[in-house]
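S.K.: With the input below, show me the fold.
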Amino acid sequence: MIDKLVAAEEKYCEFERLLSLPEIYSDQREYQRLIKEYSALTPIITKFREYKKATADMESAQALLGDTTEPELRELAAEEYKTCRELSERLYEELRLLLLPRDPNDDRNVIIEIRAGAGGEEAALFAYELYRMYNMYAASAGFEVTLLYANETELGGFKEVSFMVEGDGAYSRFKFEGGVHRVQRVPVTESQGRIQTSTVTVAVLPEAEEVEVEINPADLIFETCKSSGAGGQYVNKTESAVRLTHKPTGIVVECQTERSQFQNRERAMKMLLAKLYEIKRAELEEQIAATRKTQVGRGDRSEKIRTYNFPQNRVTDHRIGLTLYSLDSFLDGNIQEMIDALATADAAERLKSGEI
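M.R.: Modelled structure (predicted):
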């Protein structure tokens, strides 16, 4: 690992040299490439330099221990050695995490699809609450949310809703949310006060670039259609809704939120590209998954990943065994603690599997 860090520091110094040249500003594309790579390396090199200093200080303290016989100096040197060794070990582990290969999709925008599962109207109402939760979290993180498609129920729930979250690192924040979310509570439609269990599925798709997924126009069926659902606030009232069908895969996407048929078609194409890209990515990850026993957030979407229990005011993520007794706050978008815990568990599993 140290050899990799030394090589990275040499590359970092070369980037610094190139960025100091006046002529680099005349080629904006090259300048932006260098800035991006330089910025990506900065936290690693900063940490590596801290590690090197801590290691050097530890070695100096160790040398002093061997050179002096004075009790006071030996005590000070021993304390310094212990402090520097602990710091060096901590920095080493932090460097291991920083050197883990990044998910190439982490910086992308993300498309999230929420569908009501078992539970009828109660599942649809909870689908709306998850949509609201993700919207509030996205707003707190400085992301922009664009509604793509909504199929509402009479009580204000969602049979299905799709939306895009745009901003640097959007996918990295939401990528562990994909799966089956289970809710346990007394439904508003239940007169006997009995607790019901319902499910909602969440799909998280990194936005794909057109150059990454090729679509033959002959493979597409383009249709205009009327808005579906109860006709609430989330759909337009015109005839501009669009449905795209990809014949080779049978994937169907709809977009109805814009007044313009052209805009709806453009957004529907983005959704289709994301779905096709996800298929390609899943095929690759199946190969990777074969070498890893446990995965965080990349497992079978038919499996239950989280339970929201209203009577006990708790939310439990079953992949990492984390329970938070702050369900109200969680549903108001305060989900960062869970996201951080999932990311940490994923990093630990990747370290265990020998990725660095």
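S.K.: So, low pLDDT: which residues of the protein?
M.R.: Residue ranges of the chain with pLDDT under 70: 189-191, 209-212, 225-239, 284-303, 353-356.
S.K.: how many neighbours does residue 204 have?
M.R.: The tally of other residues near residue 204 (other Cβ atoms under 10 Å) stands at 23. From N, CA and C alone the C-beta is placed, and that goes for glycine too.
S.K.: which SS state does it fall under?
M.R.: strand (DSSP: H, G, I helix; E, B strand; the rest coil).
S.K.: Relative to residue 267, how far out is it?
M.R.: Here residue 204 is placed at a distance of 17 Å from residue 267 (Cβ to Cβ, to the nearest Å).
S.K.: Using the three-state scheme, assign the closest residue to residue 64 other than its chain neighbours.
M.R.: Using Cβ to Cβ, 6 or more residues apart in numbering and skipping residues adjacent in sequence, the residue nearest residue 64 is residue 77, 4.2 Å away. Under three-state DSSP, the three-state class of residue 77 is helix.
S.K.: what about residue 77, how many neighbours?
M.R.: Considering only other Cβ under 10 Å, residue 77 is surrounded by 20 other residues.
S.K.: do the same with the one 5 residues further on
M.R.: Applying other Cβ under 10 Å, we find 12 other residues in the vicinity of residue 82.
S.K.: same thing with the one 4 residues further on?
M.R.: The tally of other residues near residue 86 (other Cβ under 10 Å) stands at 12.
S.K.: Can you mark which positions in the host helix or strand of it are buried?
M.R.: Using DSSP states H and E, residue 86 sits within helix 71-98. By neighbour count on 16 or more other Cβ atoms under 10 Å, the buried set for helix 71-98 is 77, 80, 81, 84, 85, 87, 88, 91, 92, 94, 95, 98.
S.K.: Grab the nearest non-local neighbour of the fourth one.
M.R.: Counting by Cβ to Cβ, 6+ apart, residue 58 is the residue found nearest to residue 84 once chain neighbours are left out, at 3.7 Å.
S.K.: my guess is the one you found meets residue 89, correct?
M.R.: No. The pair residue 58 / residue 89 is not scored as a contact, 9.8 Å apart, by Cβ atoms under 8 Å.
S.K.: show me the contacts for the residue nearest to residue 64.
M.R.: By Cβ atoms under 8 Å, 6 or more residues apart in numbering, the contact set of residue 77 is 61, 62, 64, 65, 68.
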